[in-house]
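1. mind folding the following:
(chains A and B)
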Amino acid sequence: MSDEEHHFESSDAGASKTYPQQAGNIRKGGYIVIKGRPCKVVEVSTSKTGKHGHAKCHFVAIDIFTSKKLEDIVPSSHNCDVPHVNRVDYQLIDISEDGFYVSLLTDNGSTKDDLKLPTDEALLTQLKSGFEEGKDIVVSVMSAMGEEQMCALKEVSPK
Amino acid sequence: MEEDRVLSSVHSTVFKESESLEGKCDKIEGYDFNQGVNYPKLLRSMLTTGFQASNLGEAIDVVNQMLDWRLADETTVPEDCSEEEKDPSYRESVKCKIFLGFTSNLVSSGVRDTIRYLVQHHMVDVIVTTTGGVEEDLIKCLAPTFKGDFSLPGAYLRSKGLNRIGNLLVPNDNYCKFEDWIIPIFDQMLKEQKEENVLWTPSKLLARLGKEINNESSYLYWAYKMNIPVFCPGLTDGSLGDMLYFHSFRTSGLVIDVVQDIRAMNGEAVHATPRKTGMIILGGGLPKHHICNANMMRNGADYAVFINTGQEFDGSDSGARPDEAVSWGKIRGSAKTVKVYCDATIAFPLLVAETFASKRTKP
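-> Residues are numbered from 1 along each chain as shown, chains lettered A, B, ... in the order given. This is a model prediction of the structure:
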């Protein structure tokens, strides 16, 4: 069972990337780790104890980074891993020359340059066109389990 | 007179002279309790009691013929047979191959213990059943099945976590115990599949489960010990199938090959020769057809006993009489066959008492 699931190695010896939660307590809209991927739950159905054994929760979830649909069935009394999902806003400074990375301004004034451009076509187009037009853009970066991705952006009107 | 002529004409119509059956048919005679309560005599009297008692009596006869037959009984020895087959002492040792099939409700019932007896003493050669026919046997080793009533209300039982099988009750908890027992075994089997290239089939899986349960009350355990194959082509259709389903979410990849098993099952029939084959089938459905179909591969079984409550008017295979199987070549035209229209929980223990069990206890 998944009690011995591995946690991803992280260079910082800080908080773990996931925490355990009983399957029966995970709701629609919550997060869950399926096959090592952080996912957002879109559907939960419970089958009561019966011929198939213990009561079970059937999860349908979407990988928060790849948008792939994943499913899992877990006995409701068992623990599942729930990813810590963080969302941080950064101001966009630059898009790199080779077109892969962006440069972002962090809270404490330094720059964060390791974030890749989003894979989502619409977001990418919006980002590029907004930047070329010289608009002030604030990007939301979602991070979980050692991975991060730009998930939204908004244009800020200059003061 | 006119009236006399009419009267004698009517008389000859009503009292039509009959053909004498003396010496051609058995007389109907039931058991006389004045001789006391003698169970073996009581069972033997069924043959002349009529209706299904007679059919049961005939079934007992056919099964005894199955058990008594030896290759030595066949007086014509084919020219092209091997030297070994010509040897008289070899011919004395060759017995009929017996296929036993039964549905899962019978394993939930006490007939499971009758089946266990037959397997324990290697009195049958091949077993075919449904998934329930396997798991109910294993679950009984973990927790018991109880006697209930046909009339217990469904919604009430559901609220109490009780599952009804006819007038038997199986608590949900029994299936939870089964799940806890079997999932680690599937994990181990998957490991062996990946590391040792084991290709599992339903019969191999069942042999493994028989080994793992290690309990003398289980027929599956004895089938493993006696090397009697248990075929279950519909393995996914039951609690065991539910376990395979759940296991595939946690750790996917376990493969169960039905093709290998159909080779093995049909092979049991095809390669039976020079042995004769006999079928004892309790209930209908998959076990009945699977055994008959395999025997079709050898141009038909030589003996067939069906004990079931099915009717043929709806064209179902479950209700079909042995003669329908003859039309398919599943049973030989020359075969000895009987169908007993009776619930096997009554007929089968009585049949075993007068056949397998009494032959075993005789010196």
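
2. give me the pLDDT for the closest residue to residue B:84 other than its chain neighbours.
-> Nearest residue to residue B:84, sequence neighbours excluded (Cβ to Cβ, 6 or more residues apart in numbering or on different chains): residue B:90, at 5.4 Å. No exception for glycine: its C-beta is placed from N, CA and C like everyone else's. Listed pLDDT for residue B:90 reads 91.

3. pLDDT weak spots in the chain?
-> I'll assume chain A. A:1-15, A:158-159 (pLDDT under 70).

4. think we crossed wires, I meant chain B
-> For chain B (pLDDT under 70), the answer is B:1, B:362-363.

5. quick one: strands adjacent to the lengthiest strand in it?
-> In chain B, with assignment by DSSP state E, the single longest strand is strand B:331-341. Partner strands and pairing direction for strand B:331-341 (DSSP bridges) are strand B:301-308 (parallel).

6. in contact with the closest residue to chain B within chain A, which residues?
-> Among all residues of chain A, residue A:53 sits closest to chain B, at 3.1 Å; criterion: Cβ to the nearest Cβ. By Cβ atoms under 8 Å, 6 or more residues apart in numbering or on different chains, residue A:53 lies in contact with A:75, B:175, B:176, B:178, B:179, B:180, B:239, B:242, B:243, B:246.

7. point out the residues in chain A that sit beside chain B.
-> Applying Cβ under 8 Å from any Cβ of the partner chain, we find that chain A lies next to chain B at A:1-2, A:49-54, A:56, A:71-74.

8. try it again with 7 Å
-> By Cβ under 7 Å from any Cβ of the partner chain, the residues of chain A that approach chain B are A:1, A:49, A:50, A:51, A:52, A:53, A:54, A:56, A:72, A:73.

9. ok, and the closest non-adjacent residue to the third one?
-> In other words, residue A:50. Closest residue to residue A:50 apart from its sequence neighbours, by Cβ to Cβ, 6+ apart: residue B:172 at 5.7 Å.

10. ok, the one you found - contacts?
-> A:49, A:50, B:161, B:163 (Cβ atoms under 7 Å, 6 or more residues apart in numbering or on different chains).

11. what is the nearest of these to residue B:136?
-> Distances from residue B:136 to these, taken as Cβ to Cβ, are shortest for residue B:163 (11.1 Å).

12. that older thread, from residue B:155, how far off is the residue nearest to residue B:84?
-> To residue B:155, residue B:90 is 63 Å away according to Cβ to Cβ, to the nearest Å.

13. OK, contacts around residue 77?
-> Using chain A. A:22, A:24, A:54.

14. my bad, chain B
-> residue B:86.

15. tell me how far residue B:198 lies from chain A.
-> To chain A, residue B:198 is 23 Å away according to Cβ to the nearest Cβ, to the nearest Å.

16. show me where chain A has strands.
-> Going by DSSP E, chain A shows strands at A:18-22, A:31-34, A:37-47, A:56-63, A:69-75, A:79-83, A:86-95, A:101-105, A:111-116, A:136-144, A:147-156.

17. please identify the deepest-packed of these.
-> Mean neighbour counts were taken over the strands of chain A using mean count of other Cβ atoms under 10 Å in any protein chain shown, and the top value, a mean of 22, falls to strand A:31-34.

18. I'd like the distance between residue B:117 and chain A.
-> Taking Cβ to the nearest Cβ, one finds residue B:117 at 28 Å from chain A.

19. name the helices or strands packed onto the helix or strand containing that residue?
-> According to DSSP states H and E, residue B:117 maps onto helix B:111-120. Packing contacts for helix B:111-120, counted by 3 or more Cβ pairs under 7 Å, 6 or more residues apart in numbering or on different chains; DSSP states H and E, involve helix B:219-225, helix B:344-354.

20. following the shortest one, which helix or strand shows up next?
-> Sequence-wise, the next helix or strand beyond helix B:219-225 is strand B:230-231, with elements assigned using DSSP H and E.

21. what of the last one?
-> Proceeding N to C from helix B:344-354, the next assigned helix or strand is helix B:356-361, under DSSP H and E.

22. one step back: now the residue nearest to residue B:84, what's its secondary structure?
-> Classification of residue B:90 by DSSP: H, G, I helix; E, B strand; the rest coil places it in helix.

23. what number of neighbouring residues does it come out with?
-> 15 (other Cβ atoms under 10 Å in any protein chain shown).

24. okay, how far is it across stretch B:118-132, tip to tip?
-> From its first residue to its last, stretch B:118-132 covers 19 Å (Cα to Cα, to the nearest Å).

25. mind listing what's buried in the longest helix along chain B?
-> The longest helix of chain B (DSSP state H) is helix B:172-196. For helix B:172-196, burial by neighbour count (16 or more other Cβ atoms under 10 Å in any protein chain shown) applies to B:172, B:174-179, B:181-183, B:185-186, B:189-190, B:193.

26. what parts of chain B come near chain A?
-> B:161, B:163, B:172, B:175-176, B:178-179, B:239, B:242-243, B:246, B:249-250.

27. ok, 10 Å please
-> Within chain B, the positions adjacent to chain A are B:132, B:135, B:158, B:161, B:163, B:170-180, B:182-184, B:187, B:238-239, B:241-243, B:245-252 by Cβ under 10 Å from any Cβ of the partner chain.

28. apart from its chain neighbours, what residue comes closest to residue 94?
-> Assuming you mean chain A. residue A:103 (3.9 Å).

29. oops, wrong one, chain B.
-> residue B:71 (3.6 Å).

30. could you measure the one you found against residue B:84, distance?
-> Taking Cβ to Cβ, one finds residue B:71 at 11 Å from residue B:84.

31. then residue A:100?
-> Taking Cβ to Cβ, one finds residue A:100 at 79 Å from residue B:84.

32. do residue B:24 as well
-> According to Cβ to Cβ, residue B:24 and residue B:84 sit 43 Å apart.

33. neighbour count winner among these two?
-> Ranked by neighbour count (other Cβ under 10 Å), residue B:24 and residue B:84 place residue B:84 first, with 10 against 7.

34. which residue does the stretch 101-250 of chain B have closest to chain A?
-> For the stretch 101-250 of chain B, Cβ to the nearest Cβ, closest residue to chain A: residue B:179, 3.1 Å.

35. for the nearest residue to residue A:136 once chain neighbours are set aside, what are its contacts?
-> Spatial nearest neighbour of residue A:136, excluding adjacent residues (Cβ to Cβ, 6+ apart): residue A:156 at 4.4 Å. Applying Cβ atoms under 10 Å, 6 or more residues apart in numbering or on different chains to residue A:156 gives the contacts A:91, A:92, A:135, A:136, A:137, A:138.

36. the first one contacts residue A:138, correct?
-> If I follow you right, that is residue A:91. Yes: in this structure, residue A:91 is within contact of residue A:138 by Cβ atoms under 10 Å, at 5.5 Å.
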